[in-house]
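Enquirer: Kindly generate the corresponding structure for this input.
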Amino acid sequence: MLVLLHGFTQNASCWGPLGSHLGRSHTVVAVDLPGHGGSATVDADLDETAALVLEVVGSDRFDLFGYSLGGRVALTTALAAPERIDHLVLLGATAGIDDPEAAAERRRSDEALATAIEREDDLPAFLRRWLDQDLFRDLDDDQAQLAARCRNTVGGLARSLRRAGAGTQDPSWERLARLDIPTLVIAGQEDAKFRAIAERMVELLPDGELAVVEGAGHACHLTRPDAVGRLVDGWLG
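Expert: Predicted structure coming up:
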């Protein structure tokens with residue numbers, strides 16, 4: 001079983017061609033994370049979300065693939081229950097902001113964004129601005145993606161920012177050396193910030209492997225689904 005955990009503003013329906021690709025060779029379970037899709041009313045921090053993922057999957061061992069927010073959830077899940085996971089794939093993920101002042105600033109920024117989303121109460125307008133960030137500059141204006149993200153709610157996304165934003169993640173860099181799970185860390189070549197983070201993570205992981213997707217940015221699973229699919233399929237064997 002391969003469990004897929006999406007990024008912020010996405011949901012289980014947003015994996016697009018990559019989800020279809022992986023579904024040909026794996027039993028895929030795509031989860032709506034708290035604050036998203038069918039879990040829009042679920043209010044949970046990263047540790048609570050990890051527990052929910054384990055509960056949903058059941059007692060079987062599984063492979064876990066997380067992107068961005070989903071990558072942070074996937075890493076939290078792996079650290080909490082390494083005996084449950086056979087392989088871990090992290091895309092555009094981090095082990096946390098290890099500067100306390102920077103983490104606090106990120107929490108303040110996410111709180112301000114959550115408040116602004118609630119005040120405006122216009123989900124499509126927020127999503128268009130979110131996707132207009134430099135982080136997603138190589139992501140085409142995909143109406144199917146926008147429509148899928150509109151399955152979310154203003155309240156759910158605001159809760160996700162407050163409870164599971166990047167600033168809420170406990171830094172786990174020192175714990176990576178004890179995470180004895182085969183781990184593939186993927187980053188887009190043009191995503192300089194997260195490529196550097198991926199390199200740092202792989203240096204610390206006992207069984208980590210780095211894969212850089214050429215000509216792609218942060219959302220390389222959407223812009224280069226075939227390349228990412230081949231990477232994941234080949235690595236999982």
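
Enquirer: all contacts plus neighbour counts: C-alpha atoms, from now on.
Expert: Noted.

Enquirer: Is residue 63 in a helix, a strand, or coil?
Expert: strand (DSSP: H, G, I helix; E, B strand; the rest coil).

Enquirer: burial of it, as a residue count?
Expert: Residue 63 has 18 neighbours, counted by other C-alpha atoms under 10 Å.

Enquirer: Same question for residue 214.
Expert: Residue 214 has 13 nearby residues by other C-alpha under 10 Å.

Enquirer: is it true that it touches residue 187?
Expert: No: with contact defined as C-alpha atoms under 8 Å, residue 214 and residue 187 do not form a contacting pair (9.1 Å).

Enquirer: in the host helix or strand of residue 103, what's buried?
Expert: Element membership of residue 103, judged by DSSP states H and E, is helix 100-120. By neighbour count with 16 or more other C-alpha atoms under 10 Å, helix 100-120 contains the buried residues 103, 106-107, 109-111, 113-115, 117-118.

Enquirer: contact partners of the next helix or strand after that helix?
Expert: Following helix 100-120 in sequence order, the next helix or strand is helix 123-131 (DSSP H and E). Contact with helix 123-131 is made by 9, 117, 137, 139, 146, 149-150, 153-154, as judged by C-alpha atoms under 8 Å, 6 or more residues apart in numbering.

Enquirer: Of those residues, select the buried ones using a ChimeraX command.
Expert: The ChimeraX command for the buried members of the contacts of helix 123-131 (criterion: 16+ other C-alpha under 10 Å) is given here:
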select :9,117,139,146,149,150,153,154
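
Enquirer: just to revisit the earlier point, which one of the buried residues of helix 100-120 sits closest to residue 183?
Expert: residue 103 (25.2 Å; C-alpha to C-alpha).

Enquirer: Secondary structure element holding residue 209?
Expert: Using DSSP H and E, residue 209 falls in strand 208-213.

Enquirer: Against which helices or strands is the helix or strand of the chain with the lowest mean pLDDT packed?
Expert: Least confident helix or strand, the chain: helix 143-149 with a mean of 80, by mean pLDDT, DSSP states H and E. If contacts are counted by 3 or more C-alpha pairs under 8 Å, 6 or more residues apart in numbering; DSSP states H and E, helix 143-149 sits against helix 123-131.
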